[in-house]
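Peer 1: Build the 3D model from these lines:
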Amino acid sequence: LPGDRPVWPRDRGAALKHSRIAVVLDTANKQVSGTVTHTAVPFNDGLTELALDAVDMQIKRIQINGKRGRFEYDGELLRVRLPRGVKPGGRS
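Peer 2: Next up, the predicted model:
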């Protein structure tokens, strides 16, 4: 349409192979809380960050291979900092 501009998806650095989601519904307080565990495989060598859509969430902490990890969250995008570059088929 006139005035519309194309919107391109961001580059994905990894493929999510598996997600395990455990939630607790608190209907009295109208809240949902839980834990999500992702298994991701990088497309290329040296992945240092994993970006995940996470709109209007409260992210308290993340773990990478059982250890506390670093992240940035702007209310829409969760950027997980990996401790070192990860290769396809490897672990961080």
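Peer 1: then stretch 56-76 to CSV, C-alphas only?
Peer 2: Presented in CSV, the C-alpha positions along stretch 56-76 are these (Å, rounded to 0.1, in the frame of the first residue of the first chain):
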residue,chain,number,x,y,z
ASP,A,56,6.0,-7.5,28.6
MET,A,57,7.6,-10.0,30.8
GLN,A,58,9.5,-9.8,34.1
ILE,A,59,12.8,-11.7,33.6
LYS,A,60,14.4,-12.4,37.0
ARG,A,61,17.4,-14.5,36.0
ILE,A,62,18.7,-16.8,33.3
GLN,A,63,21.0,-19.8,33.5
ILE,A,64,23.3,-21.3,30.9
ASN,A,65,24.3,-24.9,31.4
GLY,A,66,23.3,-24.6,35.1
LYS,A,67,25.3,-21.4,35.8
ARG,A,68,23.9,-17.9,36.2
GLY,A,69,24.0,-16.0,32.9
ARG,A,70,24.1,-12.3,31.8
PHE,A,71,21.2,-10.8,29.8
GLU,A,72,19.7,-7.5,28.7
TYR,A,73,15.9,-7.0,28.4
ASP,A,74,14.1,-4.0,27.0
GLY,A,75,10.5,-5.1,27.5
GLU,A,76,10.4,-6.7,24.0
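Peer 1: Low-confidence stretches in this structure?
Peer 2: 87, 89-92 (pLDDT under 70).
Peer 1: in it, which spans are strands?
Peer 2: Using DSSP state E, the strands of the chain run over residues 14-26, 31-42, 47-53, 63-64, 67-68, 70-73, 77-86.
Peer 1: Looking at the ones you listed, which is nearest to residue 7?
Peer 2: strand 47-53 (14.2 Å; Cβ to Cβ). Every C-beta, even on glycine, is put in place using the N, C-alpha and C of the backbone.
Peer 1: And for that closest one, what's in contact with it?
Peer 2: Strand 47-53 is contacted by residues 10, 13-14, 38, 40, 76-82, 84-87 when judged by Cβ atoms under 8 Å, 6 or more residues apart in numbering.
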